[in-house]
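Novice: Sequence and predicted model, in that order:
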Amino acid sequence: MTTTKWALDPTHSEIGFKVKHMMFTNVSGNFTSFNVTAETSGDDFAGAKIEFTADTASVNTNNEQRDGHLKSGDFFDAETFPKISFSATSYTQVSGSDYELVGNLTIKDVTKSVTLNVENGGLMKDPWGNLKAGFTITGKINRNDFGLVWNAALETGGVLVSEEVKINCEIQLVKQA
C-alpha cells in the first residue's frame, strides 16, 4: 500500500487548553502557531506516523500580561525552548469512532509519554474535491511533569494555578496529492 501524506488545514484547526485558576474557574488558552502532519498507509490512520509542533511564543489566553508570564522562564521559557512537540507511538481504535493516541510529548526538553482520547470524525471531501480527515483530541497532563512548576499559595488554601492541564484540540487534515 502506498504512503499517504496529510497536512494541517490551519483555518479549521485549533490547539486549546484549560487550567483551573484559584481552584474554582478555568482559564482557556491556545497556540496560534502550530503544525500537524501525518503519514498513513492509504487513507487508514491505524499505525499512522503523526507529528505535532507548537511555537511556545504563540501562546494566547487573551490577556497580554498573562501571556507574557507564560512565555517567561516561570513557564514555557519561549526564548530557550521555542517549540512543544508530540510524536505518536500508537493510534488504536477503542470502539466505533473512539481512538487512543499515545505519543511522546516534549515541553522544555522534558519528554514524557502521554495518552490522548481521539474522536475520529472520518473522511470527507470538501466542495473543491480535497479529501479531509477530522479529529477531536482531548486529554490531561500534569504541567509539573514538564518543568512548568511556578505557582503561588492562596491565603485560603490551595494554589493559584492547577497542576492539571486539560487539552482540547480540533484538527482537520487534508490529503496531499
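Specialist: Noted; the coordinates are in hand.
Novice: Convert the C-alpha atoms of the host helix or strand of L101 to CSV, please.
Specialist: Secondary-structure element containing L101, defined by DSSP states H and E: strand 98-107. Extracted in CSV, the C-alpha atoms of strand 98-107 (Å, rounded to 0.1, in the frame of the first residue of the first chain):
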residue,chain,number,x,y,z
ASP,A,98,-13.2,6.5,19.6
TYR,A,99,-9.4,6.0,19.4
GLU,A,100,-6.5,6.2,21.8
LEU,A,101,-3.4,8.3,20.7
VAL,A,102,-0.2,7.6,22.6
GLY,A,103,3.0,9.5,22.0
ASN,A,104,5.9,11.4,23.3
LEU,A,105,5.2,15.0,24.4
THR,A,106,8.2,17.3,24.8
ILE,A,107,7.9,20.6,26.7
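Novice: Would you mark the buried spots in that strand?
Specialist: Neighbour counts over strand 98-107 (16 or more other C-beta atoms under 10 Å) mark Y99, L101, G103, L105, T106, I107 as buried. (Glycine included, C-beta is placed from N, CA and C.)
Novice: Can you get me the centre-to-centre distance for it and its chain?
Specialist: Offset of strand 98-107 from its chain centre (C-alpha atoms, centre = their mean, to the nearest Å): 9 Å.
Novice: what's around A54, how many residues?
Specialist: 22 (other C-beta atoms under 10 Å).
Novice: so it sits right up against K83, yeah?
Specialist: Yes - contact criterion C-beta atoms under 8 Å: A54 and K83 qualify, at 6.9 Å.
Novice: who touches the one helix or strand T115 maps to?
Specialist: Per DSSP H and E: T115 is located in strand 110-125. The contact list for strand 110-125 (C-beta atoms under 8 Å, 6 or more residues apart in numbering) reads 43, 45, 86, 89, 91, 97-105, 131-139, 141, 145-147, 167.
Novice: If we use 6 Å, what do you get?
Specialist: For strand 110-125, contacts defined as C-beta atoms under 6 Å, 6 or more residues apart in numbering pick out 97, 99, 101-102, 104-105, 131-139, 141, 145-147.
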